[in-house]
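# sequence plus predicted model, see below.
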Amino acid sequence: MENRSRAALWGSRIGILAIVLLILAIAANHLGLLGYKLPLMGIALSALIGVIAIVISLIGLVITLGGKTGAGTAILGIVLGVVAAAPVATTLVTGRSVPRIHDITTDLSNPPQFDAVVALREGAPNALDRATPPDLAEQQQKAYPDLATLIVPQEPAKVFDAALATAKDMGWTIDASSPEKGSIEATAVTKLIGFKDDVVIRIAAKDAGAAVDVRSVSRVGMSDLGTNAKRIRAYLDALKTKLATPASS
């Protein structure tokens, strides 16, 4: 024990602490405990502790080059620190490549409107008025020019059924659906951190077929890190595949 690098040992211990805190913070956010601010603070704190673990473990690893044992322990501390810091680091990197917006739609001139979901968003910092930022539509058009209304040749009723089934296939919680209004509202949860985003799908008659529009809005965060645009793309791709199958045509 006297020949073991104490820095390596403490680095691994601090790394374990960072991972435990990260797991607890993520679990609390998924379960809806403590609101959303405390879990986010926990994730940020775990990243800070993770960085400390990396630094101390690196020092410990250098010390082992002088004859002390504990290289494996030091490497473990580095790995744990990197894992703990990864969510925040990824957020910072991704945030630099996408606009700071969180309300994305396929119809910029007439976005689908929420109804049932409004009550579920009570207390959420992000509003649904698309007023922030003032140039939201311009920023979306520049960042995601591919997002547009999906026009399909099937009749609206069949498209609605396929749209609802696709939303369920995506793992979203269906909050409301109205064939008469051609509207579907759902809640999607991000896989890792567990942020809740709201989705509304509108199906309307269009010439001899139907027009499908989708809007996805984050409840928290100025930037969605591109998540809403990715969700809309994935949904429309899945819907097109479903509509192309014999059972949906």
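That came through, no problem. Residues are numbered from 1 along each chain as shown.
# so which bits of stretch 108-126 are buried?
Pro111, Pro112, Phe114, Ala116, Val117, Leu120, Arg121, Asn126 (16 or more other Cβ atoms under 10 Å). (C-beta placed from N, C-alpha, C; glycine too.)
# wait, what's in contact with the last one?
Contacts for Asn126 (Cβ atoms under 8 Å, 6 or more residues apart in numbering) come out as His102, Asp103, Val217, Ser218, Arg219, Val220, Gly221.
# circling back: closest to Val152 among the buried residues of stretch 108-126?
Pro112 (16.2 Å; Cβ to Cβ).
# that closest one contacts Val217, correct?
No. Assessed by Cβ atoms under 8 Å, Pro112 is found out of contact with Val217, at 10.3 Å.
# hang on, the earlier thing: wait, which of the buried residues of stretch 108-126 is closest to Ala27?
Leu120 (21.2 Å).
# center of the chain - which residue?
Thr190 (4.0 Å; Cα atoms, centre = their mean).
# wait, it touches Asp197, no?
Yes. Under the criterion of Cβ under 8 Å, Thr190 makes contact with Asp197 at 7.1 Å.
# what do those two both touch?
Thr227.
# how many other residues sit next to Asp169?
Here the count is done by other Cβ atoms under 10 Å, and Asp169 has 12 residues near it.
# distance between the lengthiest helix in the chain and the chain's centre?
Counting by DSSP state H, the longest helix found in the chain is helix 37-64. Helix 37-64 has its average C-alpha position 24 Å from the chain's average C-alpha position, going by Cα atoms, centre = their mean, to the nearest Å.
# in it, what counts as buried?
Applying 16+ other Cβ under 10 Å to helix 37-64 flags 39-40, 42-43, 45-47, 49-61, 63-64 as buried.
# ok, residues contacting the helix or strand following that helix?
Sequence-wise, the next helix or strand downstream of helix 37-64 (DSSP states H and E) is helix 71-95. For helix 71-95, the surrounding residues in contact (Cβ under 8 Å, 6+ apart) are 4-5, 7-9, 11-16, 18-19, 21-22, 43-44, 46-47, 49-54, 56-58, 60-61, 64, 192-193, 223, 225-226.
# mind checking what helix or strand follows helix 71-95 in sequence?
Using DSSP H and E, the first helix or strand after helix 71-95 is strand 103-105.
# elements contacting that following strand?
Packing partners of strand 103-105 (3 or more Cβ pairs under 8 Å, 6 or more residues apart in numbering; DSSP states H and E): helix 136-143, strand 209-218, helix 227-244.
# can you give me the buried ones in the longest one?
If you call a residue buried by 16+ other Cβ under 10 Å, then helix 227-244 has these buried ones: Thr227, Asn228, Ala229, Arg231, Ile232, Arg233, Tyr235, Leu236, Ala238, Leu239, Lys242, Leu243.
# ok so, going back, so how far is Leu147 from the closest residue to the residue nearest to the centre of the chain other than its chain neighbours?
Closest residue in space to Thr190, ignoring its immediate chain neighbours: Thr227 at 6.4 Å, by Cβ to Cβ, 6 or more residues apart in numbering. Distance from Thr227 to Leu147, counting by Cβ to Cβ, to the nearest Å: 13 Å.
# show me the chain divided up by domain.
Domain assignment for the chain by automatic domain parsing gives 6-95, 103-244.
# same list (the ones you listed) but as CSV, adding mean pLDDT.
Compiled in CSV, these are given as follows (pLDDT from 0 to 100):
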stretch, mean pLDDT
domain 6-95, 94
domain 103-244, 96
